[in-house]
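Asker: compute the structure for the input listed below.
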Amino acid sequence: MTTNIPGPAPLGDKLRIAFLGPFGTFTEQAVHQVAPAGAILMPMTSAPQAL
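Answerer: Residues are numbered from 1 along each chain as shown. Prediction:
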């Protein structure tokens, strides 16, 4: 069963963070301000995809 309840990621899994991309934009810079070290950043082409 899969849930969408926020919580810590299971051990061994890296946090994936979607943002309105591409790489090199202000949104990537902003996500670096809040993303933990080692998080996987994923640029998206639209706001609905990023959410």
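
Asker: only C-alpha atoms from now on, for both contacts and neighbour counts.
Answerer: Will do.

Asker: what about the strands in this structure?
Answerer: Ranges of strands within the chain are 16-20, 40-44, based on DSSP state E.

Asker: and the last one, what's buried?
Answerer: The one in question is strand 40-44. The neighbour-count check on strand 40-44 (16 or more other Cα atoms under 10 Å) flags 41, 43-44 as buried.

Asker: just give me the residue right at the centre of the protein.
Answerer: Geometric centre of the chain, nearest residue: Ile17, 0.5 Å, by Cα atoms, centre = their mean.

Asker: I'd assumed Ile40 was in contact with that one.
Answerer: Yes: Ile17 lies in contact with Ile40 (Cα atoms under 8 Å); the separation is 6.1 Å.

Asker: now the strands of the chain in JSON lines, with distance to Ala30 and mean pLDDT?
Answerer: Output for the strands of the chain, formatted as JSON lines (distance: least, Cα to Cα, whole Å; pLDDT from 0 to 100):
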{"stretch": "strand 16-20", "distance to Ala30": "9", "mean pLDDT": "94"}
{"stretch": "strand 40-44", "distance to Ala30": "12", "mean pLDDT": "95"}
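
Asker: format those strands as a markdown table; extra columns: distance to Phe26.
Answerer: Formatted as a markdown table, the strands of the chain follow (distance: least, Cα to Cα, whole Å):
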| stretch | distance to Phe26 |
| --- | --- |
| strand 16-20 | 9 |
| strand 40-44 | 12 |
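
Asker: quick revisit: would you mind naming the residues that bridge with the residue nearest to the centre of the chain?
Answerer: Beta bridges link Ile17 to Leu41 when assigned by DSSP bridges.

Asker: from here on, count from 2
Answerer: I'll keep to 2 as the first residue from here, and by that count the last item is Ile18.

Asker: next up, the contacts around it.
Answerer: Ile18 sits next to 36, 40-43 when contact means Cα atoms under 8 Å, 6 or more residues apart in numbering.

Asker: go through the residues you listed and say which is closest to Gly22.
Answerer: Met43 (7.9 Å; Cα to Cα).

Asker: what is the neighbour count of the nearest residue to the closest one once chain neighbours are set aside?
Answerer: Nearest non-adjacent residue to Met43, counting by Cα to Cα, 6 or more residues apart in numbering: Ala19, 4.6 Å away. Using other Cα atoms under 10 Å, Ala19 is surrounded by 16 other residues.

Asker: if anything else comes up later, I'll come back, but that's it for now.
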